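Asks: using only what follows, build the 3D model:
(one chain, ligands or ions: 1)
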Amino acid sequence: MTLVSSRISPVRWHHDKVSLIDQTRLPQEYTVVEISRCNDMAEAIKSMIVRGAPAIGVAAAYGMYLGAREIETTQTNVFLKELEKVAQLLRETRPTAVNLFWAISRMLRIAYETPGTVEEIRAILLQTAQDIQAEDVQTCETIGKNGLAVLPTQPHKLRILTHCNTGALATAGYGTALGVIRSAWQANRLLKVFADETRPRLQGAKLTAWECVQEGIPVTVITDSMAAHCMKQGMVDAVIVGADRITANGDTANKIGTYSLAVVSKMHNVPFYVAAPLSTVDFQLATGAEIPIEERDPSEIYQVGKTIISPQGADFYNPAFDVTPAELITAIITERGAVKPSELLGLKY
Ligand SMILES: CSC[C@H]1O[C@H](OP(=O)(O)O)[C@H](O)[C@@H]1O
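Replies: Residues are numbered from 1 along each chain as shown. Predicted coordinates for the structure are as follows:
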């Protein structure tokens, strides 16, 4: 099945329930999971059926509405107290991507600020989740334009390396870093994409490669350990990655392996860009040292498909993210422009 992958959305409100593309089954199978209860949405975020910082923000927003729908009361104060429990359930799914917390806070705020009956609050919550989703698509398309404007001008057709998946599957549509790559492709400014496979969950090999192939964008999958060699050989003109949480000084938490990519980019004078919406910036944290880093199940390391690749008796360490210090980042590309990390505070609302 060929899709215009830039137009897909991993999360869709459809016939009174949420349809999620099951990203754990791509690229072999394109299957959709239907979610109508908040608990199931929380599980879908935890198990990475839906993943990607902006996408889990959108999923959590709909999760808040699904939870609101399950609260059986007409008393506003009781409703709001129960809604706080829904929010906590969703907050406990994954700790690093601040978009999740940003979306939950926005949904809670609108619930408290909406006068009227419980039914009227429920209606505004659904509308707010839909607004968050629609805004994110627009934001990603703007990030794509802003990124294209700052990419190196030479060579005219660039070879861009990216890490993990930051495309339509990781957002409400179009993508952040992969959105910039899409914009370069559409502007005839891209020769090829190098996609890091991104162990252990292989979002690059599975999801970025799938999005690129669907759209006819030339993509070469490499193992994470090959990136340094490719840059040393002069095969890469720019590196662009996404983010899960950026702090006020520009330090950036992103998929594990991003930090080493930034170090190697610096070593080889390859510009290193982060592309993210402002909903990924946590202005309340001063530096990346404060970012909670998710540790995931060790089986993600020792099990590849059905194959166990390590002996019993070994220990495993599985941090899902690492933090790239601001000084290794050439520019942070947002919907409000591309800035040096030191200028990020100037974008605070
Ligand atoms: C559009 S940024 C997506 C961001 O989220 C990914 O993490 P995960 O796949 O674990 O949700 C990765 O860090 C990407 O850069």
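Asks: quick check: which ranges of this structure have low pLDDT?
Replies: Residue ranges of the chain with pLDDT under 70: 1-6.
Asks: recalculate using a threshold of 50.
Replies: Counting by pLDDT under 50, the chain has low-confidence residues at 1.
Asks: would you mind listing what in it touches the ligand?
Replies: Counting by Cβ under 6 Å from any ligand atom, the chain comes close to the ligand at 51-54, 164, 166, 170-171, 176, 203, 241-244, 254-255, 320. Where you see a C-beta, it was placed from the backbone N, CA and C, and this is true even at glycine.
Asks: mind checking which of these land in strands?
Replies: Counting by DSSP state E, the part of the residues of the chain next to the ligand found in strands is 241, 254, 255.
Asks: nearest residue to the residue in the stretch 151-300 of the chain that the ligand sits nearest to in space, please, no chain neighbours.
Replies: Nearest residue of the stretch 151-300 of the chain to the ligand: residue 242, at 2.9 Å (Cβ to the nearest ligand atom). In this structure, residue 242 finds its nearest non-sequential neighbour in residue 166, 3.4 Å apart by Cβ to Cβ, 6 or more residues apart in numbering.
Asks: please apply the same query to residue 49.
Replies: Nearest residue to residue 49, sequence neighbours excluded (Cβ to Cβ, 6+ apart): residue 22, at 5.1 Å.
Asks: residues in contact with the residue of the stretch 151-300 of the chain closest to the ligand?
Replies: 52-53, 164, 166, 170, 176-178, 254-255, 274-276 (Cβ atoms under 8 Å, 6 or more residues apart in numbering).
Asks: count the neighbours of residue 7 for me.
Replies: By the measure other Cβ atoms under 10 Å, the count of residues near residue 7 is 11.
Asks: report the spatially closest residue to it, excluding sequence-adjacent ones.
Replies: Closest residue in space to residue 7, ignoring its immediate chain neighbours: residue 173 at 6.5 Å, by Cβ to Cβ, 6+ apart.
Asks: in the helix or strand hosting residue 259, what's buried?
Replies: Assigned by DSSP states H and E, residue 259 belongs to helix 258-267. Residues of helix 258-267 classed as buried: 258, 259, 260, 261, 262, 264, 265 (neighbour count, 16 or more other Cβ atoms under 10 Å).
Asks: try stretch 54-62
Replies: Buried, per 16+ other Cβ under 10 Å, within stretch 54-62: 54, 55, 56, 57, 58, 59, 60, 61, 62.
Asks: immediately after the helix or strand where the last one lies, which helix or strand?
Replies: Under the assignment given by DSSP H and E, the secondary-structure element containing residue 62 is helix 53-70. With elements assigned by DSSP H and E, the helix or strand that comes after helix 53-70 is helix 76-91.
Asks: same for the helix or strand following that next one, what does it pack against?
Replies: The C-terminal neighbour of helix 76-91 among helices and strands, as given by DSSP H and E, is helix 98-113. Contacts defined by 3 or more Cβ pairs under 8 Å, 6 or more residues apart in numbering; DSSP states H and E place helix 98-113 against helix 53-70, helix 76-91, helix 118-150.
Asks: so which of those is the most packed in?
Replies: Compared across the helices and strands packed on helix 98-113, helix 53-70 shows the largest average neighbour count, a mean of 27 (mean count of other Cβ atoms under 10 Å).
Asks: and the angle for that one with helix 98-113?
Replies: 30 degrees (axes from the mean of the first three to the mean of the last three Cα atoms, to 10 degrees).
Asks: from the contact counts, what lies against helix 53-70?
Replies: Using 3+ Cβ pairs under 8 Å, 6+ apart, helix 53-70 sits against strand 11-14, strand 17-21, helix 38-46, helix 76-91, helix 98-113, helix 118-150.
Asks: give me phi/psi at the residue of the stretch 1-150 of the chain found nearest the ligand?
Replies: Per Cβ to the nearest ligand atom, residue 51 is where the stretch 1-150 of the chain lies closest to the ligand, at 3.5 Å. Main-chain torsions, residue 51, degrees, to the nearest 10: phi -150, psi 170.
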